[in-house]
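*Asks:* Kindly return the folded structure for what I paste below:
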Amino acid sequence: MLFFAELKRRNVVRVGIAYVIVGWLLAQVAEFAAENFGAPDWVLKIFVVFLILGLPLALFFAWAFELTPEGLMLEKHVEREESITHQTGRKLDFIIIAVMAVALIYMVADKFIGEPEVRELTEITETVVPDDKSIAVLPFVNMSDDKDYFADGLSEELLNLLAKIPDLRVIGRTSSFAFKGKNEDLRVIGDALGVSTVLEGSVRRSGDRLRITAQLINADDGSHLWSDTYDREMADIFQIQDDVAGAIIEALQLHLVSDTVVKADRSTQDTEAYALYLESLAMVREGSDPLATIEVLNRALELDPKFVRGHEQKAILYWTAAGFDLDSPTAQQLVYDSAKTAFEIDPSSIVAQTFMATADPIGWTWSIELDAIERALREMPDNFSLLHSYCWDLGMVGYFREALQCSDRMISLEPLAALGYERKAVALIAMGRRAEAQEAWRKSADLGFEIDLINNVFDYLLHGQDEEAMELVENLPAGQDREIVGMDAGVFRSFVESARRPDSGRQYLRDTVPALAASASNYYDATYANIWYLAFDVLDDYYDVIYKMNEVGTSWTNSDMLTYMGRAFKSSGYTEDPRFTPLRNRWGMLDLWEERGPPDDCEKVDGSWVCN
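*Replies:* Below you'll find the model as predicted:
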């Protein structure tokens, strides 16, 4: 008891409490600083370790020393009647109260004020799925002599059909097909994809005869929940899909609401047209040229001109080709025409309605596009392509917190697809969370989008970390340097050093960037070459390129990617530049902000929108 009384008299307890509270506050400040300055994770960890190590030292000094009017003295040298520990204790009490008040204010602000309210994605998707009702559809094994197109396309059709079941979480195509041709234990696959069941099977096609086997596996223990074999005519392909879906519903004891219809789409009765359509789905998955895939669809539509899903798929493919294989204004018209044809055949087509709205060459506005995508997501909440479009649009108009939530939804549906991480990285970098954005781009690169590493390079350059940017490029595998930054690593070092010269750097970029754009093999690379202006803070030339591309007068331009990246990399000063104002005034963006509320980087001041 005497020892504890002495601890109290020497203010050791008070010092310990004060140290813990102040240390916690310092850790919060350090975490905020680390996120915004892109510090490596180890910096914060070392800081916290030092804080922890400092606690026993603080307690030791509180025990061994005393603060007196003459300064800090060893406690044993202070006469008891001259001790002022009670006065020091009172001061420490006030300090503890003050620091606790600051900590309380911080916690309240962080919970209720720190993050502006964003609309929950569940308001749009409205799907809540039990974790134990989930499935991955693996690509069916092709047992025929031809290519895998039919088997792969059928697997994707089954995946899309099962996605209509409200109480079943279905992992997307990219993640499921990542295991094609791999003799992996199904329990390992289930764990990697986060699902409780796996559907696998095989397809043999001989003329008009089909032999399809399917089996549903419990991913926890590898046991069979259901299996069946179908020996049918090709004309029965839709009924086979219905039978498989029905068997899975029964095996997993899923309960459908009264208005839920889980039946294969029968928008064509021409089996050859449908086989060509399945081939187009497989070509998309393999990353084939969109224009070559459209040629396959055109063959299907020659057999059945009223095949709605064929026209829908053409609209999607033209949208994919925009700004890459096709000039954006040209692609916009082709998307609209394909969607309009599908709509005329089937006015209830959600895909047709959505793409007509998003590609309307005359009446398009941001409000119309976002409203159309949100309506479609209410009908098809697990549609990965729609979610990707939605995330992109949210970033374009400045709702980055919503875009982050949207990208997390993408990742939950497709844990092994790079696109979700790509969209997440852009939202994070726009929110100032550099370290997390860099990590997300690396994850995207690990999943096959190596080109995303160029964004890590840009981020380093924007923050003056030239050596880190050059080291990243120099450490790439052989050949990837040219693929990612458009030049060899040695040339890139010279490029950075030349661009940084105060007297000639700007002119060097003006001479070099157009040459890089001219040597590009597609519209995307030609456009993206101009991002170097942004990386080296040459905003005049960056805006000149954007304005020149916008002269076409259509709502879709090849400058969309440059505008998107300018808004994301805010440290460039892009949104603070006066030339940003005319761009945000185009196509009803200000009207959108009035309707939905201010974006994350802009506010209304004295009746005018100010962005920073």
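
*Asks:* Would you mark the buried spots in the one helix or strand A192 maps to?
*Replies:* For A192, the host element (DSSP states H and E) is helix 186-193. Buried positions in helix 186-193, judged by neighbour count with 16 or more other C-beta atoms under 10 Å: L186, I189, G190, A192, L193. Just so you know, the C-beta spots here come from the backbone N, C-alpha and C atoms, and that holds for glycine as well.

*Asks:* how far away is I240 from L154?
*Replies:* I240 sits 9 Å away from L154, taking C-beta to C-beta, to the nearest Å as the criterion.

*Asks:* again but with D488, I slipped
*Replies:* In terms of C-beta to C-beta, D488 sits 44 Å off from L154.

*Asks:* can you list the weak-confidence ranges in the stretch 201-350 of the chain?
*Replies:* Within the stretch 201-350 of the chain, the stretches with pLDDT under 70 are 254-262, 264.

*Asks:* let's see 80
*Replies:* Under the criterion pLDDT under 80, the flagged ranges of the stretch 201-350 of the chain are 252-267, 285-287.

*Asks:* quick one: the strands in it?
*Replies:* For the stretch 201-350 of the chain, the strands defined by DSSP state E, counting those that start in this stretch occupy 209-218, 224-233.

*Asks:* other SSEs contacting the last one?
*Replies:* This points to strand 224-233. strand 209-218, helix 237-251 (3 or more C-beta pairs under 8 Å, 6 or more residues apart in numbering; DSSP states H and E).

*Asks:* how about the first one: buried residues?
*Replies:* By that I understand strand 209-218. L210, I212, T213, A214, Q215, L216, I217, N218.

*Asks:* Equivalent analysis for stretch 580-597, please.
*Replies:* Under 16+ other C-beta under 10 Å, the buried positions of stretch 580-597 are F580, L583, R584, W587, G588, M589, L590, L592, W593.

*Asks:* Including secondary structure and distance to A427, could the residues you listed go into JSON lines?
*Replies:* Converted to JSON lines, the buried residues of stretch 580-597 look like this (DSSP: H, G, I helix; E, B strand; the rest coil; distance: C-beta to C-beta, whole Å):
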{"residue": "F580", "secondary structure": "helix", "distance to A427": "19"}
{"residue": "L583", "secondary structure": "helix", "distance to A427": "20"}
{"residue": "R584", "secondary structure": "helix", "distance to A427": "19"}
{"residue": "W587", "secondary structure": "helix", "distance to A427": "22"}
{"residue": "G588", "secondary structure": "helix", "distance to A427": "22"}
{"residue": "M589", "secondary structure": "helix", "distance to A427": "18"}
{"residue": "L590", "secondary structure": "helix", "distance to A427": "22"}
{"residue": "L592", "secondary structure": "helix", "distance to A427": "18"}
{"residue": "W593", "secondary structure": "helix", "distance to A427": "18"}
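
*Asks:* ok, those vs S280, which is closest?
*Replies:* S280 has its nearest neighbour among the buried residues of stretch 580-597 in W587, at 31.6 Å by C-beta to C-beta.

*Asks:* OK, contacts around that closest one?
*Replies:* W364, T365, W366, S555 (C-beta atoms under 8 Å, 6 or more residues apart in numbering).

*Asks:* quick one: it from Y523, how far?
*Replies:* As judged by C-beta to C-beta, W587 and Y523 stand 21 Å apart.

*Asks:* for Q313, same thing?
*Replies:* 22 Å.

*Asks:* So between these two, which is more surrounded?
*Replies:* Q313 (24 against 20; other C-beta atoms under 10 Å).

*Asks:* Hmm, the more buried one is touching S280, no?
*Replies:* Yes: look at Q313 against S280 with C-beta atoms under 8 Å: they come within range, at 5.9 Å.

*Asks:* Give the intersection of the neighbour lists for the two.
*Replies:* Residues within reach of Q313 and of S280 at once, by C-beta under 8 Å, 6+ apart, are L297.

*Asks:* my read: Y336 touches M356, true?
*Replies:* Yes: between Y336 and M356 a contact is recorded at 6.2 Å, counting by C-beta under 8 Å.

*Asks:* Would you mind splitting this protein into its domains for me?
*Replies:* Residue ranges for the domains of the chain, per automatic domain parsing: 2-113, 131-265.

*Asks:* All good on my end, thank you.
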